[in-house]
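Enquirer: Here is a sequence with its predicted model. Questions after.
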Amino acid sequence: MTDNSQNPEETGNDEQAEGLELFALPTPAQTMPRVFGSPRRYVQAPGVIAQTGAYLRKLGFESCAVLLSARSQRAEGAQLLKSLADAGVPATILTFGGECSFEEIEAHADVLRAQETPPATVIALGGGKVVDAGKCIAHRLAVPSVVVPSLASNDAPCSAASVIYTPEGVSEAFEVFAESPALVLVDTAVIAAAPARYLVAGMGDAMATWYEARACSMNPNAFTTFGASPTLAGAAIAELCARTIYSDGEAALAALEAGVIDAALERIIEANTLLSGLGFECGGLAASHGFAQAYTVIPHVHQQYLHGEMVAMGVLAQLALEGWNDEAHRATEFFVAIGLPVHLGQLSLAQDDDASISAVVAAALEFPFMGNMPMEVTAQKLHAAILAADSLGRQVIEARGHAAYAEIHGND
C-alpha cells in the first residue's frame, strides 16, 4: 500500500464502489485515509448469554428489541430473554422470518417505529442472516446493535456491514454502517451445541480473510468496506486468523466431537468471529468473497450450502487466479481434512455445466470488491480459476479421500 492511495470514486474501482454508502471521507488531497473499526466490546466464554441483561445495563441500555427465530425463542433465546427480565430491561420480541431481505428488515423496522418509545438497542440473536438483518434494523432506527451469535459459521457478528438477499435468497445488496456493534456476546457453550458443519463453514469464511487482505496489500488502489485504505493492523489480524485456523482447526473439531470446550475450540471460535470480522473490514475483501456471493445465483447451491462453504470454494479459485500453486495445495488439503468442499461436485455442480459456471462468473464480476485483486480480472480468467480449483480439489480427494466431508454432510 502507498500513501497516495486514491478515493475509490477516483480510481478504476469506481464502478465497484458505486452504490455503497462508504464511511471514509476523501482527504483534502483526495486520497483515502486508513480506517480501523471494531465493536465497542467483545465478550466470549461459556454461559455469557445468561448475562446479556447485565452487560446491556453496563453499556447504559435501558430497553431493547430482540430479533431471533421461533426456534431460538424455545432454546438459547429463552436464556437471553430471562437475563433481560432479571436485569429489568424491557424487550420487544421480533421473530425472524428466515431471509435477510429488504422486505424482512423494513417490516420489523416499521413495528419498532410505531412504538411510542423506540428501543435503545436492537439485539440480534442467531446465525449470520439474523445478525445481518438485526444490524440493518438498528441502522434504520439510528440505535446501536448488539450481536449474540448462535453459530461460529461466519464473520458477520463483529462487522459494520450486512449482506442483503432477495426473498428467494440471491445476494442483492451490501450495506455499510457508520457504527460497529456496541457489544458482541459469544457464548461458546451455545456455539459448541450446534452441528460441527457450522464451525467448519466458519473456518472456510475466516480463511479467506488473510488471502483477501494479502491481495489488497498488493493493490495500492484497494479499498475496504469502510471506503478506506487497508490497515496494517487489519492485515496482521487476518494473517493471525489464518495461522490460528491452520494450527487449531482439526483439534477444535476433535474437542467439539468429544463435547469439550477447550483452548483450541475457544481459539477457533475467536478466529471465526473476532479475528475474521476485524480482518476483512480493515484488511479488505477480494475475489474469494466475490466467487462466494456469486454462487448464490444458483438456487440449489444457495439453498443447500452455507456461506462459508461457498467462500472456501472462492478461496481456492482466488489462489488459482493468483497462480499461487503451493498455497492452493496447502489450503485444499486442509479443507479436505476438516470437511469443506474443494470441487464443484461438492456444491452439487458439474464441471461441464457451462451455463451455471458462466452465471457465477458474471455475478462475481459484479462484486463491489473484485477490483481489489492486484491484477486484471476478466470473465475468462475467473472461469479458468474455477475449473483449475475444481481440478486440484478432485486430485486431492482422489489421493486423500473425502471422509471428513462425508461425515460433516451426513453422506457417503
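Expert: Right, received. Where do you want to start?

Enquirer: now the helices: where do they sit in the stretch 1-150 of the chain?
Expert: 14-17, 52-58, 70-73, 76-86, 102-113, 128-141 (DSSP state H, counting those that start in this stretch).

Enquirer: Could you dump the ones you listed into TSV and include mean pLDDT and mean neighbour count?
Expert: C-beta here means a position set from N, CA and C on the backbone, and glycine is covered the same way. Converted to TSV, the helices of the stretch 1-150 of the chain look like this (pLDDT from 0 to 100; neighbours: other CB atoms under 10 Å):
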stretch	mean pLDDT	mean neighbour count
helix 14-17	45	16
helix 52-58	98	19
helix 70-73	94	16
helix 76-86	97	18
helix 102-113	97	16
helix 128-141	96	26
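
Enquirer: Skipping its backbone neighbours, what lies nearest V297 in space?
Expert: Using CB to CB, 6 or more residues apart in numbering and skipping the chain neighbours, the partner closest in space to V297 is A363 (4.7 Å).

Enquirer: picking up where we left off before, W324 is nearest to which of the helices of the stretch 1-150 of the chain?
Expert: Nearest to W324, of all these, is helix 14-17, at 22.7 Å by CB to CB.

Enquirer: What lies in contact with stretch 73-81?
Expert: Here stretch 73-81 makes contact (CB atoms under 8 Å, 6 or more residues apart in numbering) with 49-50, 52, 66, 68-69, 91, 93, 95, 123, 125, 148, 150, 187, 190, 193.

Enquirer: quick one: that stretch to chain centroid distance?
Expert: Centroid separation between stretch 73-81 and its chain, computed with CA atoms, centre = their mean, to the nearest Å, is 24 Å.

Enquirer: and that stretch, C-alpha only, in CSV?
Expert: Listed next in CSV are the C-alpha coordinates belonging to stretch 73-81 (Å, rounded to 0.1, in the frame of the first residue of the first chain):
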residue,chain,number,x,y,z
GLN,A,73,-37.1,-18.5,21.3
ARG,A,74,-37.6,-22.1,22.6
ALA,A,75,-33.8,-22.7,23.1
GLU,A,76,-30.9,-20.3,23.8
GLY,A,77,-33.2,-17.3,23.3
ALA,A,78,-35.1,-18.2,26.4
GLN,A,79,-31.9,-17.7,28.5
LEU,A,80,-31.3,-14.3,26.9
LEU,A,81,-34.8,-13.2,27.4
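
Enquirer: which residues touch A208?
Expert: Residues 280, 288-289, 292, 311-312, 314-315, 318 are the ones in contact with A208 under the rule CB under 8 Å, 6+ apart.

Enquirer: Among the contacts of stretch 73-81, which are located in strands?
Expert: 66, 68, 91, 93, 95, 123, 125, 148, 187 (DSSP state E).

Enquirer: ok, the fifth one touching L68?
Expert: Yes. Counting by CB atoms under 8 Å, L68 is a contact partner of T95 at 7.3 Å.

Enquirer: Mind checking which of these two has more residues around it?
Expert: With neighbours defined as other CB atoms under 10 Å, T95 and L68 compare such that L68 has more, 25 against 13.

Enquirer: Contacts only, for that one.
Expert: 77, 80, 93-96, 124-126, 130.

Enquirer: can we see that at 7 Å?
Expert: Each residue near L68 by CB atoms under 7 Å, 6 or more residues apart in numbering is listed here: 77, 96, 125-126, 130.

Enquirer: low-scoring stretches of the stretch 151-300 of the chain, by residue?
Expert: For the stretch 151-300 of the chain, no stretch has pLDDT under 70.

Enquirer: Would you map the helices across it?
Expert: 188-192, 196-217, 232-258, 263-270, 276-283, 287-295, 299-304.

Enquirer: Can I get the fourth one in PDB? Just the C-alpha atoms.
Expert: If I follow you right, that is helix 263-270. Only the C-alpha atoms of helix 263-270 are listed here, as PDB (Å, rounded to 0.1, in the frame of the first residue of the first chain):
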ATOM      1  CA  ALA A 263      -8.500 -23.800  24.400                       C
ATOM      2  CA  ALA A 264      -8.300 -24.900  20.700                       C
ATOM      3  CA  LEU A 265     -12.100 -24.600  20.300                       C
ATOM      4  CA  GLU A 266     -12.100 -21.200  22.000                       C
ATOM      5  CA  ARG A 267      -9.300 -20.000  19.700                       C
ATOM      6  CA  ILE A 268     -11.200 -21.200  16.600                       C
ATOM      7  CA  ILE A 269     -14.400 -19.600  17.700                       C
ATOM      8  CA  GLU A 270     -12.500 -16.300  18.300                       C
END
